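**Q** here are the coordinates; sequence isn't available:
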């Protein structure tokens with residue numbers, strides 16, 4: 001198990017918006033482009049890239065899903081105190 005992983009995410013306020021974005025990703029649209037267009041946090045400038053992080057850095061719900069993903073895999077919608085995330089494991 002990796003000590004650190006690298007993920008990107010898209011953060012939105014509404015579950016319905018997150019679902020629509022996830023459908024676009026499944027149809028082959030660029031995760032990074034969708035992050036730039038829709039995500040609410042500062043990582044949007046980097047296509048949602050959060051860089052490398054270890055356990056205990058992200059909120060529990062986010063971390064649990066992120067560490068369970070395979071490289072290149074995209075999560076379903078994940079709810080946290082910040083809103084709704086779609087997470088992509090980069091490395």
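**A** That came through fine. Every value quoted in this text rests on a predicted model; they were computed, and no experiment measured them. Numbers count the residues shown, from 1 in each chain.

**Q** What lies in contact with stretch 84-91?
**A** Under the contact criterion Cβ atoms under 8 Å, 6 or more residues apart in numbering, stretch 84-91 has outside partners 5-15, 17-18, 21-22, 25, 31, 48-49, 52, 62, 65-66, 69-79. The way it works is simple: take the backbone N, C-alpha and C, and place the C-beta from them, glycine included.

**Q** quick one: strands adjacent to the longest strand along the chain?
**A** The strand of greatest length in the chain, counted in residues with DSSP state E as the criterion, is given as strand 4-12. Applying DSSP bridges to the sheet, strand 4-12 is found paired with strand 49-54 (antiparallel), strand 83-89 (antiparallel).

**Q** Redo the ones you listed as a markdown table? Include mean neighbour count.
**A** Listed next are the strands paired with strand 4-12 as a markdown table, based on neighbours: other Cβ atoms under 10 Å:
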| stretch | mean neighbour count |
| --- | --- |
| strand 49-54 | 16 |
| strand 83-89 | 23 |
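
**Q** could you dump those strands to JSON lines with mean pLDDT?
**A** Listed next are those as JSON lines, based on pLDDT from 0 to 100:
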{"stretch": "strand 49-54", "mean pLDDT": "97"}
{"stretch": "strand 83-89", "mean pLDDT": "98"}
